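Asker: I would like the atomic coordinates for the input below:
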Amino acid sequence: MSPDITIRAPAKVNIGLRVLPKRPDGFHNIESIFQTVGVYDELTVAPLAEKKRCVVECENIVLPTHNTLTATYTAFCQLTGCDAGVCVRLEKHIPAGGGLGGGSSDAAAFLRALARLNGVALTDELADAVAGQVGSDVFFFLHCGKDGTGAALVSGRGEVVQPIAPRDDVHIVLVYPDVSSSTKEAYALVDKDIAAGNLVSCPDFSEYEAIYQKPVADWTFANSFTISLKKKYPAIAQALADMQKSGAVWSDMSGSGAVVFGVYEAAEASKEAFVKLNKTWKSCFLA
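Answerer: Numbers count the residues shown, from 1 in each chain. Predicted coordinates for the structure are as follows:
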């Protein structure tokens, strides 16, 4: 095996997120633009002498025994026949459970490192097979760009990824309110709204890329989760209000929450907003 590999895993935000009615298999189709942002986890992957073993070390948070990294290792070994043991040291900076895709990004980065360590070509077929066993957002991080950063139109349950040119002229600030809402709860709330006919108005998916390239002030995107979660968790509504007061040209929640983010057209404006928001919110990130 090769020497230790250190690799970064970026967070993502959802610029617009439409959730469609539940499918017969229990999943939901979505329509969204995913874009990576400048908040990263860092993984160091090293070989172990013991085969068929994946050790995960993380000082920042307590991870469950079965997580996206162990699932990635299991799927990779099953699909390739590799059995070399590895130790993964994970340094977490992306807030867990905030809708930023940290666990999925970690899985994608780990898969790249596993392939390099074992001298295995990471084909699209192999990448998709692993992602299918680990989680829907993993597809995006494997296909958004060569280095795992970029933007893409994402549909299906997350497995349909069409890379697009990312906006490099916008600046983003993230706020993580002290709210714990599970993905399961968020989808249940949206299903309730869909059943009641309370649908969030979203552009047609065929227009997403064109809208994305417009001035931010002209964006008409919406997140299907935001209205329901704002009602249940006032802190999310307050964070969005504070984001708007800080001068954000456009703001919304990412994924199923609870991180909210604001988009600013000037770097100086985002830095000023970060300073203001950081006085009120303990988890604030300039991305």
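
Asker: Can you list the buried residues in the helix or strand harbouring I15?
Answerer: Using DSSP states H and E, I15 sits in strand 5-22. Under the neighbour-count criterion of 16 or more other CB atoms under 10 Å, strand 5-22 has 5, 7, 9-20 buried. From N, CA and C alone the C-beta is placed, and that goes for glycine too.

Asker: Show me what that strand packs onto, helices and strands only.
Answerer: strand 28-48, helix 102-118, helix 138-143, strand 171-175, helix 183-195, helix 208-212, strand 250-253 (3 or more CB pairs under 8 Å, 6 or more residues apart in numbering; DSSP states H and E).

Asker: Out of those, the one nearest V62 is which?
Answerer: With CB to CB as the criterion, V62 lies closest to helix 102-118 of those, at 13.7 Å.

Asker: ok, then the element right after that closest one?
Answerer: helix 124-134.

Asker: Helix 102-118 and that following helix, what's the angle between them?
Answerer: Angle of helix 124-134 versus helix 102-118, following axes from the mean of the first three to the mean of the last three CA atoms, to 10 degrees, is 140 degrees.

Asker: send the alpha carbons of helix 124-134 over as PDB?
Answerer: Only the C-alpha atoms of helix 124-134 are listed here, as PDB (Å, rounded to 0.1, in the frame of the first residue of the first chain):
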ATOM      1  CA  ASP A 124     -17.600   5.900 -12.400                       C
ATOM      2  CA  GLU A 125     -19.100   2.400 -12.100                       C
ATOM      3  CA  LEU A 126     -17.200   1.700  -8.900                       C
ATOM      4  CA  ALA A 127     -17.900   5.100  -7.400                       C
ATOM      5  CA  ASP A 128     -21.600   4.800  -8.100                       C
ATOM      6  CA  ALA A 129     -21.800   1.300  -6.700                       C
ATOM      7  CA  VAL A 130     -20.200   2.500  -3.400                       C
ATOM      8  CA  ALA A 131     -22.300   5.600  -3.200                       C
ATOM      9  CA  GLY A 132     -25.500   3.500  -3.700                       C
ATOM     10  CA  GLN A 133     -24.600   1.600  -0.600                       C
ATOM     11  CA  VAL A 134     -23.500   4.600   1.500                       C
END
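
Asker: that older thread, which stretch in the helices and strands packed on strand 5-22 is the model least sure about?
Answerer: Here the lowest mean pLDDT among the helices and strands packed on strand 5-22 goes to helix 183-195, at a mean of 91.

Asker: So which residues make contact with that one?
Answerer: Residues outside helix 183-195 that contact it (CB atoms under 8 Å, 6 or more residues apart in numbering): 19, 21-22, 28, 199-200, 224-225, 227-229, 232, 256-257.

Asker: so how far is G135 from the residue lying closest to L142 once chain neighbours are set aside?
Answerer: Using CB to CB, 6 or more residues apart in numbering and skipping residues adjacent in sequence, the residue nearest L142 is A127, 4.5 Å away. Look at A127 and G135: by CB to CB, to the nearest Å, they are 13 Å apart.

Asker: Also E268?
Answerer: Counting by CB to CB - E268 and G135 are separated by 37 Å.

Asker: And these two? Which one has more around it.
Answerer: Of the pair E268 and G135, G135 is the one with more neighbours under other CB atoms under 10 Å, namely 18 against 9.

Asker: do you know how far that one is from T68?
Answerer: Remark: distance between G135 and T68 (CB to CB) = 6 Å.
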